[in-house]
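Student: Fold the following for me, if possible:
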Amino acid sequence: MRVEIYNSSEEASLRALEIFKLSQQEGADVYGMATGSTPERLYELLSQSDMDFSQAVAINLDEYVGLDDENPQSYAFYMNDHLFKNKLFKGSFIPNGQAKDIDAELARYDQVIKDNPVDLQLLGLGSNGHIGFNEPGSDLEAGTSLVSLTQSTIDDNQRFFGSKEETPTKAITMGVGAIIKAKKIIIMAFGSQKAQAVRGMIEGPITSDLPASVLQKHRNVYVLLDREAASSLTR
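Tutor: You can find the predicted model right below:
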């Protein structure tokens, strides 16, 4: 793990942009994409950059079950709004949260990942240590999975949906076993609310209780933090 601590999320996002550019220069053409508030500034920077993704493939980590791509809170809508409307990709893949046959959709997405090995995977970090929607207790070797979101994740997400009843409780997510196969990984975390998860990810044992801790086993991970997120680190 390369742990890099910055004065602000802006500085960390600029560093992530630099890693994207370097990776493309090295031949990367399959990018694993994350959603949420953490990568929003990075996507703005990518949109404003001169990077050409017209021969690249984007594979998203996850999608809520039950939301269609016209729902403003779906991750399909998010990706179009924050990146795809500004940058053309040769192909883009997001789990189908409205699939009638979930098992078939999980198998389809596993095949997408197998056919398009990820060169650079972007991750955010949940306050409970999840990556993608792989919640505490997830199988660290699993492929694409249907997951029940923990109450802490549901509570974190409720601000986006307006009410508890409208907040999704299930999602389809790329599994930890697939995430860890990416050639290079960037994980970003900002704010004091992420500090304990950051400490567990970097300094704690590798455990399914904090899925991000599995990144300790990867040989090419950039951990980009602001000072608040890094505030609980002891070394």
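
Student: Return the alpha-carbon coordinates of stretch 154-167 using CSV.
Tutor: C-alpha atoms of stretch 154-167 as CSV (Å, rounded to 0.1, in the frame of the first residue of the first chain):
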residue,chain,number,x,y,z
ILE,A,154,-28.8,2.5,4.7
ASP,A,155,-28.5,5.3,7.2
ASP,A,156,-25.6,6.9,5.3
ASN,A,157,-27.6,6.7,2.1
GLN,A,158,-30.9,8.0,3.4
ARG,A,159,-29.9,11.6,2.8
PHE,A,160,-29.9,10.9,-0.9
PHE,A,161,-33.4,9.4,-1.0
GLY,A,162,-35.3,11.6,1.4
SER,A,163,-37.0,8.9,3.4
LYS,A,164,-36.3,5.6,5.0
GLU,A,165,-39.0,3.9,3.0
GLU,A,166,-37.4,5.0,-0.3
THR,A,167,-33.9,4.0,0.6
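
Student: residues of it that come out buried?
Tutor: Asp156, Asn157, Phe161, Thr167 (16 or more other Cβ atoms under 10 Å). C-beta: built from backbone N, CA, C; applies to glycine.

Student: cool, stretch 117-137 as well?
Tutor: 118-136.

Student: Quick check: the farthest pair among the buried residues of stretch 154-167?
Tutor: Asp156 and Phe161 (11.0 Å; Cβ to Cβ).

Student: Strands of this protein, start to end?
Tutor: 2-6, 30-33, 57-60, 62-64, 91-93, 120-124, 145-148, 170-173, 184-189, 221-226 (DSSP state E).
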